[in-house]
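In: Starting from these lines, generate the structure:
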Amino acid sequence: MKVHQGPLLYEGKAKRIFQTDHPEQVVLEFKDDATAFNALKHSILQGKGVLNCQISAHIFECLEKNNVSTHYLGLAGNNSMVGQKIDVIPLEIVIRNIATGSLCKQTPIVSEKELDPPLLDIYYKDDNLGDPLLTEARLKLLGLITDRQREEIEEIARKVNSILLEFFQTIDLTLVDFKLEMGFNNSGKILVADEISPDTCRLWDQRLNDPEKRILDKDRFRKNLGGVVEGYEEILKRIQGASGKPSNAVSDC
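Out: Reported below is the predicted structural model:
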């Protein structure tokens, strides 16, 4: 997708956002930076930005084909995409299908317990506050969204989970958990935004039993396991392979 990239609007830990000549469109450039623990751990991993961009593009296309509205408009380059300009909602919506990570550190829930129904958590997006978990009462007190908008956000998140669970299953990957960010476009419509990649999802390789080797996501970086880029490459390879195969309703992914 051809677009004129203008001045830098914002730079975060993993992406740069640029203005374009279209007032309602931006370019998102994916960086090679890897961060964890609120950027206390940082490294540059050559090629990571390209992989996250390409994986996110495939997933956004999959969601759009399954009637989930996203900010994604098309690729602008190997490590950049064009998206609708949105008013970001400062919330992180986390869906957990299997217990691991912070959930097991903060509760007595045992690791690898399957969660049925999946657990949906909402966090306030603020690095300075440590992205705190919000109760329903605290969310209401913040006044960031209406009750109806919260219901819509949760409906969207659960639909995304259902689509991606099925899709990843077809390429022998287990979607353990993932984070979504959303925002309002110029018409006030809620869109799935930011990225959906191994930086924001936990994905386990069903072809491997070893609890460390099966990890193909950012946990390889968090846990000093090495092979981060290789893990991301494996995910993209399987996604690209699936795109050429005939499939069911989610086959369009």
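In: just the helices in this structure please.
Out: For the chain, the helices defined by DSSP state H cover 48-65, 102-106, 136-142, 147-170, 219-222, 228-243.
In: Single out the most deeply packed of the ones you listed.
Out: helix 48-65 (a mean of 22; mean count of other CB atoms under 10 Å). In short, each C-beta sits where N, CA and C put it, glycine included.
In: what's that helix packed up against?
Out: Under the contact criterion of 3 or more CB pairs under 8 Å, 6 or more residues apart in numbering; DSSP states H and E, helix 48-65 touches strand 25-30, strand 72-77, strand 80-84, helix 147-170, helix 228-243.
In: next one: it to chain centre, how far?
Out: 9 Å (CA atoms, centre = their mean, to the nearest Å).
In: quick one, what contacts the nearest residue to Pro23 once chain neighbours are set aside?
Out: Leaving aside its sequence neighbours, Pro23 sits nearest to Lys85 (CB to CB, 6 or more residues apart in numbering; 7.3 Å). Applying CB atoms under 8 Å, 6 or more residues apart in numbering to Lys85 gives the contacts Pro23, Glu24, Gln25, Val26, Asn185, Asn186.
In: Format the helices and strands packed on helix 48-65 as a markdown table; extra columns: distance to Thr135 and mean pLDDT.
Out: Shown next, in a markdown table, are those (distance: least, CB to CB, whole Å; pLDDT from 0 to 100):
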| stretch | distance to Thr135 | mean pLDDT |
| --- | --- | --- |
| strand 25-30 | 32 | 98 |
| strand 72-77 | 32 | 97 |
| strand 80-84 | 31 | 98 |
| helix 147-170 | 12 | 98 |
| helix 228-243 | 34 | 95 |
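In: now those in a markdown table, with distance to Cys201?
Out: Shown next, in a markdown table, are these (distance: least, CB to CB, whole Å):
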| stretch | distance to Cys201 |
| --- | --- |
| strand 25-30 | 15 |
| strand 72-77 | 16 |
| strand 80-84 | 17 |
| helix 147-170 | 8 |
| helix 228-243 | 9 |
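In: Out of those, flag the one nearest Lys41.
Out: The closest of the helices and strands packed on helix 48-65 to Lys41 is helix 228-243. By CB to CB, the value is 12.0 Å.
In: contacting residues around stretch 154-174?
Out: Contacts to stretch 154-174, defined as CB under 8 Å, 6+ apart, come from residues 59, 62-63, 66, 68, 93, 95, 97-98, 118, 120, 175, 178, 180, 182, 190, 192, 196, 201, 203-207, 216, 235, 238-239, 241-242, 247, 250-251, 253.
In: Can you tell me which of those are buried?
Out: 59, 62-63, 66, 68, 93, 95, 97-98, 118, 120, 175, 178, 180, 182, 190, 192, 196, 201, 203-205, 216, 235, 238-239, 242, 250, 253 (16 or more other CB atoms under 10 Å).
In: What is the neighbour count of the nearest residue to Asp219 once chain neighbours are set aside?
Out: Using CB to CB, 6+ apart and skipping the chain neighbours, the partner closest in space to Asp219 is Arg202 (6.3 Å). A count of nearby residues for Arg202, using other CB atoms under 10 Å, gives 21.
In: Arg202 is in contact with Arg214, isn't it?
Out: No - applying CB atoms under 8 Å, one finds Arg202 not in contact with Arg214, separated by 10.6 Å.
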